[in-house]
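# following is a predicted model, sequence given first.
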Amino acid sequence: MPIQQLPDHLINQIAAGEVVERPASVVKELVENSLDAGARAVQVDVVAGGQKLIRIRDDGNGIARDEIALSLSRHATSKISSLDDLEAVASLGFRGEALPSIASVARLTLCSRAAGHDSAWLIEANGGTISEAMPAAHPTGTTVEVHDLFYNTPARRRFLRTERTEFGHIEKWFRRLALSRPEIDFTLTHNQRSVLQTPAAKTIDEQRQRIAKICGAAFAEQCVFLEREVEGIALNGWIGLPTFNRSQPDMQYWFVNGRSVTDKTLAHAVRHAYRDVLFHGRFPAYVLNLTMDPTGVDANAHPAKHEVRFRDGRRVHGVVAQSVGAALKDTRPGGHDLAPIPMTRESVFHQGSMSLQSRPVSSAVRETLATYRAMATAPSLADVPENANEVPPLGFAVAQLAGVYILAENKDGLVVVDMHAAHERIAYEKLKKSYHDRTLVRQPLLVPESIAVAESEANLIEERGEVLGRLGLVVDRTGPGSVMVREVPALLKDSDVESLLRDVLSDLSEAGISSRIEEAGDDTLATMACHGSIRANRLLTIDEMNALLREMERTEHADQCNHGRPTWTAITMSELDRLFLRGR
């Protein structure tokens with residue numbers, strides 16, 4: 001065939017192959033347009049999983065009469081006008097492809113009234129034919145109706161799934177969009193039945209309620225609010241406590257400058273922060289927003305804008321990992337107050353300072369062993385002063401059960417502590433602090449180890465030799481596809497050097513940064529802590545039990561042992577009363 005110019009309608013249908021994958025893609029694109037238009041309320045009505053009808057109604061700025069026909073033209077947009085605008089784009093949509101692409105594979109009706117105008121205007125598109133704009137009745141804002149999706153492309157229509165499956169994808173995207181903008185009122189209906197309604201949430205308490213509605217009450221009860229700003233990178237959102245974890249990474253939401261994305265660098269940073277507090281094979285849950293200078297983010301890296309690319313991924317990784325890790329350090333008895341507290345100006349992150357919704361550890365945590373002995377003589381809290389500040393979160397030991405558990409009484413009821421798991425965490429944190437506070441010591445290998453690698457990996461080793469050196473690895477390239485490992489961190493001198501190097505290279509290739517050395521070192525320290533901890537069936541005195549409880553309250557991550565198991569649990573008096581039917 002000779003080279004020829006394709007007709008506009010066919011060009012739009014080709015573009016629709018990237019932009020409009022299924023009904024959920026239509027909802028995403030149109031709702032993002034509503035958000036860019038400054039909408040404060042967005043309503044989405046769906047019929048038959050979106051195959052028959054998708055209606056998006058908003059109260060945004062609307063479209064003027066002389067622009068409404070242009071909005072259905074390819075590459076027509078109000079978001080950018082130059083290359084500089086594209087490099088610093090802050091809006092969700094900017095390519096001008098969504099509306100014409102959708103109109104090329106469906107029957108589309110657009111009705112809009114611009115702010116400050118007396119009347120609304122309506123335009124229709126059917127099979128590439130666009131009608132003249134007609135006057136209509138409509139409040140300020142825009143309504144877009146998409147009928148019979150893929151009616152003129154039967155091959156695409158055959159790839160759609162069942163109504164239930166397609167609506168599931170719509171609901172998934174709708175929940176993401178609702179999480180990205182808590183200040184906006186969202187409503188979703190399916191076949192005229194209300195599915196989800198999330199009123200605008202302005203306070204922290206209202207945001208927690210919104211999180212509970214979208215992610216479930218269990219997550220909302222076991223998450224903490226995090227907010228930080230460092231070097232122009234602001235991070236805020238909700239992170240689940242390690243006690244709330246998942247078998248799949250299905251509750252991990254990232255938003256970069258308001259855009260819902262999946263990103264390997266960000267996911268790796270959070271995974272690194274949780275590495276010490278989760279069971280192997282379990283995944284954390286979180287809803288996090290990253291805000292930074294748009295010039296440092298390439299939002300045009302994916303046709304459907306699902307991914308972004310960072311100009312300085314290592315700096316972003318560092319800020320995220322440190323922020324989430326610092327928040328998780330307070331996962332200890334009394335470390336977090338899960339009741340929402342309104343944010344104040346002083347509680348926002350500034351220049352690296354941290355603020356979390358937490359309650360201060362009581363002064364009794366810092367009591368000396370002599371005070372423990374005095375308190376231990378009290379048979380119950382009845383002999384302890386009534387001032388609540390003198391009752392530490394884990395209370396005071398009263399007995400030991402089966403040589404495994406410590407039974408303690410606090411102001412709320414009964415506390416049960418796994419003494420081996422608790423002491424293992426305490427010992428591990430002390431070993432880590434002692435090890436990481438010193439300069440990294442490298443150990444030369446008696447016999448340097450030669451390893452065969454791919455040529456691309458050998459190139460990476462040459463490029464990132466400085467990074468490997470900071471990790472304690474001295475590696476020289478000896479051929480196109482071979483390297484020689486000469487030095488390793490002293491703590492890992494007996495480890496599998498080849499596997500360690502390959503894991504580090506995999507991380508550097510995927511995320512631009514690696515924490516394998518630190519993780520491998522921590523694994524060794526964890527093993528040492530495990531072997532040096534209190535064993536089961538060892539009898540402890542009351543003084544020793546109280547000393548262990550106070551040490552737990554001072555120790556970071558003390559709610560879990562090194563393997564992610566809980567170290568303690570509590571049963572309130574009201575729960576005990578229910579067990580024994582008291583008050584009935």
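Sure, I can see it.

# and L407, which of the three is it?
Following DSSP: H, G, I helix; E, B strand; the rest coil, L407 is assigned to strand.

# bridged to it, which residues?
Counting by DSSP bridges, L407 is bridged to A399, V416.

# isn't it up against L401?
Yes: contact criterion CB atoms under 8 Å: L407 and L401 qualify, at 5.7 Å. No exception for glycine: its C-beta is placed from N, CA and C like everyone else's.

# shared neighbours of the two, anything?
Counting by CB atoms under 8 Å, 6 or more residues apart in numbering, the shared contacts of L407 and L401 are V416.

# distance from the chain centre to stretch 40-55, please.
The chain centroid and the centroid of stretch 40-55 are separated by 27 Å, computed with CA atoms, centre = their mean, to the nearest Å.

# and the end-to-end length of it?
Taking CA to CA, to the nearest Å, stretch 40-55 runs 17 Å from one end to the other.

# what of stretch 17-25?
One end of stretch 17-25 sits 11 Å from the other (CA to CA).

# then stretch 461-480?
End residues of stretch 461-480 are separated by 12 Å (CA to CA).

# swap in stretch 91-111?
Stretch 91-111 has an end-to-end distance of 22 Å (CA to CA).

# and it, which residues are buried?
91-111 (16 or more other CB atoms under 10 Å).

# please apply the same query to stretch 540-549.
Neighbour-count burial for stretch 540-549 flags L540, I542, E544, M545, N546, A547, L548, L549 (criterion: 16+ other CB under 10 Å).

# so which of these sit within helices?
The helices, defined by DSSP state H, take in I542, E544, M545, N546, A547, L548, L549 from these.

# just the pLDDT for the first one.
Same thing as I542. Looking at I542, its pLDDT is 90.

# for S506, state which of the ones in helices among the buried residues of stretch 540-549 is nearest.
Checking these against S506 by CB to CB gives L548 as the nearest, at 39.8 Å.

# ok, the closest one to F279 distance?
L548 is 23 Å from F279, where distance means CB to CB, to the nearest Å.

# also N33?
As judged by CB to CB, N33 and F279 stand 42 Å apart.

# look at the two and report which has more neighbours.
A direct count of neighbours by other CB atoms under 10 Å for N33 and F279 places N33 higher, at 23 against 13.

# which non-adjacent residue is nearest the more buried one?
The shortest distance from N33 to any non-neighbouring residue, by CB to CB, 6 or more residues apart in numbering, is to G93 (5.6 Å).

# now do the same for that neighbour: its pLDDT.
pLDDT, G93: 79.

# hmm, who's touching the strand or helix carrying L460?
Assignment of secondary structure by DSSP states H and E places L460 within helix 455-463. Helix 455-463 is contacted by residues V453, L468, V475, R477, G479, P480, G481, S482, V483, L505, L508, S509 when judged by CB under 8 Å, 6+ apart.

# secondary structure, distance to E575 and neighbour count added to these, as TSV?
Below are those laid out as TSV (DSSP: H, G, I helix; E, B strand; the rest coil; distance: CB to CB, whole Å; neighbours: other CB atoms under 10 Å):
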residue	secondary structure	distance to E575	neighbour count
V453	coil	57	21
L468	helix	53	20
V475	strand	56	26
R477	strand	63	15
G479	strand	67	12
P480	coil	67	10
G481	coil	63	14
S482	strand	63	14
V483	strand	59	21
L505	helix	51	23
L508	helix	50	20
S509	helix	50	13
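
# which one of those is nearest to T262?
Nearest to T262, judged by CB to CB, of the contacts of helix 455-463 is S509 at 17.8 Å.

# in stretch 6-19, what's buried?
Across stretch 6-19, burial judged by 16+ other CB under 10 Å covers H9, N12, Q13, A15, A16, V19.

# quick check: mean pLDDT of the helix holding L460?
90.

# in that helix, what's buried?
Buried residues in helix 455-463, defined by neighbour count with 16+ other CB under 10 Å: E457, A458, L460, I461.

# now swap in stretch 563-577 and tell me
Result for stretch 563-577 [16+ other CB under 10 Å]: buried residues G564, T567, W568, A570.

# what of stretch 18-28?
Neighbour count says stretch 18-28 has V19, V20, E21, R22, P23, A24, S25, V26, V27, K28 buried, by 16+ other CB under 10 Å.

# other residues contacting the longest strand along the chain?
In the chain, assigned by DSSP state E, the strand with the most residues is strand 442-452. Contact with strand 442-452 is made by 472, 474, 478, 481-490, 493, 497-498, 501, as judged by CB under 8 Å, 6+ apart.

# hmm, try it at 10 Å
Here strand 442-452 makes contact (CB atoms under 10 Å, 6 or more residues apart in numbering) with 457-458, 461, 469, 471-476, 478-479, 481-494, 496-499, 501-502.

# any weak-confidence spans in this structure?
Applying pLDDT under 70 to the chain picks out residues 303-304, 336-389, 435-440, 511-517, 519-529, 531-536.

# was I right to think T153 contacts L10?
No: using CB atoms under 10 Å, T153 is not in contact with L10, being 11.0 Å away.

# hey, what's in contact with both of the two?
In terms of CB under 10 Å, 6+ apart, T153 and L10 are both contacted by the residues S104.

# helices - which of the buried residues of stretch 91-111 land there?
Per DSSP H, the buried residues of stretch 91-111 map to helices at A98, L99, P100, S101, I102, A103, S104.

# quick one on the thing from earlier: tell me which of the contacts of strand 442-452 fall in strands.
Checking the contacts of strand 442-452 against DSSP E, those in strands are 474-476, 478-479, 482-489.

# please identify which of the residues you listed is nearest to R309.
Nearest to R309 among the ones in strands among the contacts of strand 442-452: V475, at 27.7 Å, using CB to CB.

# sorry, back to before: compare neighbour counts for L407 and L401 and give me the winner.
Taking neighbours as other CB under 10 Å, L407 and L401 compare with L407 leading, 15 against 11.

# tell me who's in contact with the more buried one.
L407 makes contact with G395, A397, V398, A399, Q400, L401, L414, V415, V416, V417, M545 under the criterion CB under 10 Å, 6+ apart.

# show the buried residues in those.
G395, A397, V398, Q400, L414, V415, V417, M545.

# out of those residues, flag the one nearest to A273.
Comparing those against A273 with CB to CB places V417 closest, at 25.3 Å.

# measure that closest one to E145 for me?
For V417, the distance to E145 equals 60 Å [CB to CB].

# was I right about R164 contacting G49?
Yes: using CB under 10 Å, R164 is in contact with G49, at 6.9 Å.

# what is the helix or strand hosting V504 packed up against?
Take DSSP H and E as the rule and V504 turns out to sit in helix 497-511. Contacts defined by 3 or more CB pairs under 10 Å, 6 or more residues apart in numbering; DSSP states H and E place helix 497-511 against helix 264-273, helix 313-328, strand 442-452, helix 455-463, helix 465-470, strand 474-479, strand 482-489, helix 516-531.

# got the angle for that helix vs helix 455-463?
Here the directions of helix 497-511 and helix 455-463 differ by 90 degrees (axes from the mean of the first three to the mean of the last three CA atoms, to 10 degrees).

# what's around A201, how many residues?
Close neighbours of A201, defined as other CB under 10 Å, add up to 20.

# for D330, that is, sorry about that
Residues near D330, counting by other CB under 10 Å: 21.

# same question, the one 5 residues further on
By other CB under 10 Å, the residues close to G335 number 24.

# that one against E553, yeah?
Yes: here G335 reaches E553: they are 8.3 Å apart, a contact under CB under 10 Å.

# pretty sure G49 contacts V26?
No: between G49 and V26 there is no contact under CB under 10 Å: 11.5 Å.

# which ones are touching F283?
Counting by CB under 10 Å, 6+ apart, F283 has contacts 240, 245-252, 267, 270-271, 274.
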